[in-house]
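**Q** let me see the structure of the following:
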Amino acid sequence: MKCLFSGLTDPGLLRTVNQDAFYIDPSGRFFIVADGMGGHAGGQEASRIATEAIQQHLDEKWFSPDDSRRLLEMAFMRANRAILSDQSRHPERSDMGTTAVVVIFRQGQTWCAHVGDSRLYRLRGAQLDQITEDHTWVARAMKMGELSSDQARVHPWRHILSKCLGREDLRHVDVAMVEARPSDRLLLCSDGLTEELSDHLIAFHLKSIRSCEKLVSALVNAAKDKGGRDNITVVVITIESVSASEEMTALQAE
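**A** Next up, the predicted model:
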């Protein structure tokens, strides 16, 4: 996989602390975005701990015989244990937790894992698709037909997570293969972006700006122009070419 990429995080206009974190592997093998929560700087610590634990696991186990699904599952569980361990040492941070969304390019395939409401989008041509499904009360209500998308955007419970890192009861992480083709664009982001920008506006920026560096700045600034009420983190990946094995995987998926 050959790709271009860039990332940016910003505290927004109302928050004094940035509880988001992100990491981009210098070789472009994997990408991480996390959005922490919890008082007394707990969220900031949770996102940092999770990002570092996931990065370390992927670095250490990248060439292991584990398949990519297990690699990601174990990375997330390692992050969860690391946060729980920190909570036990620092009771003042016992309520901290974090979302996480990760994309990896490994063994000729593209995989994604996530917990919480940080998202992965894919732009293909003019079509923007949300690849991940939010782990929130509102997302579940929408799936059950109890809320419309317009109602969900303003619902007072829209930030209530049904799953996050930093919980004893975390047993499952959503992991899936992602079909990726040349010219596709992938966007990992925290909800500080999606709270302010509609999918239509996100797609407009992804289609309009070629440079990844300029694009991440434009997305963050657009979210701030709309209010910037939360921390904002974006990572953009533009896929330039894929291997023969990846092309075969894409054809088989059609």
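**Q** ranges for the helices of the protein?
**A** Taking DSSP state H as the test, the helices found in the chain are 42-61, 68-89, 137-143, 149-154, 191-194, 199-208, 212-225, 244-253.
**Q** nearest to Ser27, of these?
**A** helix 42-61 (10.4 Å; C-beta to C-beta). C-betas here are computed from N, CA, C, even on glycine.
**Q** so how far is that closest one off the chain centroid?
**A** Offset of helix 42-61 from its chain centre (C-alpha atoms, centre = their mean, to the nearest Å): 13 Å.
**Q** ok, stretch 64-76 next?
**A** Counting by C-alpha atoms, centre = their mean, stretch 64-76 comes out at 17 Å from the chain centroid.
**Q** Phe22: which of the helices of the chain is closest?
**A** Among the helices of the chain, the nearest to Phe22 by C-beta to C-beta is helix 42-61 (7.0 Å).
**Q** can you pull the poorly scored residue ranges out of the stretch 51-200 of the chain?
**A** For the stretch 51-200 of the chain, the stretches with pLDDT under 70 are 141-144, 146-148, 150-158.
**Q** adding distance to Gly108 and mean neighbour count, write the helices of the chain out as TSV.
**A** Shown next, in TSV, are the helices of the chain (distance: least, C-beta to C-beta, whole Å; neighbours: other C-beta atoms under 10 Å):
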stretch	distance to Gly108	mean neighbour count
helix 42-61	17	22
helix 68-89	10	19
helix 137-143	31	17
helix 149-154	35	12
helix 191-194	30	25
helix 199-208	25	16
helix 212-225	23	19
helix 244-253	4	12
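**Q** could those helices go into CSV alongside distance to Cys3?
**A** As requested, the helices of the chain are exported to CSV (distance: least, C-beta to C-beta, whole Å):
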stretch, distance to Cys3
helix 42-61, 17
helix 68-89, 17
helix 137-143, 29
helix 149-154, 30
helix 191-194, 20
helix 199-208, 14
helix 212-225, 9
helix 244-253, 12
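**Q** can you say which of these is nearest to Leu8?
**A** Ranking those by proximity to Leu8 (C-beta to C-beta) places helix 212-225 first, at 4.1 Å.
**Q** which outside residues touch the closest one?
**A** Residues outside helix 212-225 that contact it (C-beta atoms under 8 Å, 6 or more residues apart in numbering) are 4-8, 10, 12-13, 187, 189, 192-193, 195-197, 201-202, 205-206, 209, 232, 234-238.
**Q** quick check: Ser211 vs Gly116, distance?
**A** Distance of Ser211 to Gly116, computed by C-beta to C-beta, to the nearest Å: 29 Å.
**Q** to clarify, my last question referred to Leu186.
**A** In terms of C-beta to C-beta, Leu186 sits 18 Å off from Gly116.
**Q** also Gly145?
**A** 23 Å.
**Q** Ser94 too?
**A** Counting by C-beta to C-beta, the gap from Ser94 to Gly116 is 18 Å.
**Q** ditto for Asp86
**A** 18 Å.
**Q** out of Leu186 and Gly116, which sits in the more crowded spot?
**A** With neighbours defined as other C-beta atoms under 10 Å, Leu186 and Gly116 compare such that Gly116 has more, 26 against 23.
**Q** how many residues are close by the residue nearest to Pro11 when sequence neighbours are not counted?
**A** Once flanking residues are discounted, Pro11 sits nearest to Asn18: 4.1 Å by C-beta to C-beta, 6 or more residues apart in numbering. Residues lying near Asn18 (other C-beta under 10 Å) number 19.
**Q** was I right about Asn18 contacting Ile232?
**A** No: when contacts are counted by C-beta atoms under 8 Å, Asn18 is not listed as touching Ile232 (9.0 Å).
**Q** now do the shared contacts for the two.
**A** Joint contacts of Asn18 and Ile232 (C-beta under 8 Å, 6+ apart) are 9-10.
**Q** for Phe5, which residues are in contact?
**A** Counting by C-beta under 8 Å, 6+ apart, Phe5 has contacts 24, 28, 31, 212, 235-238.
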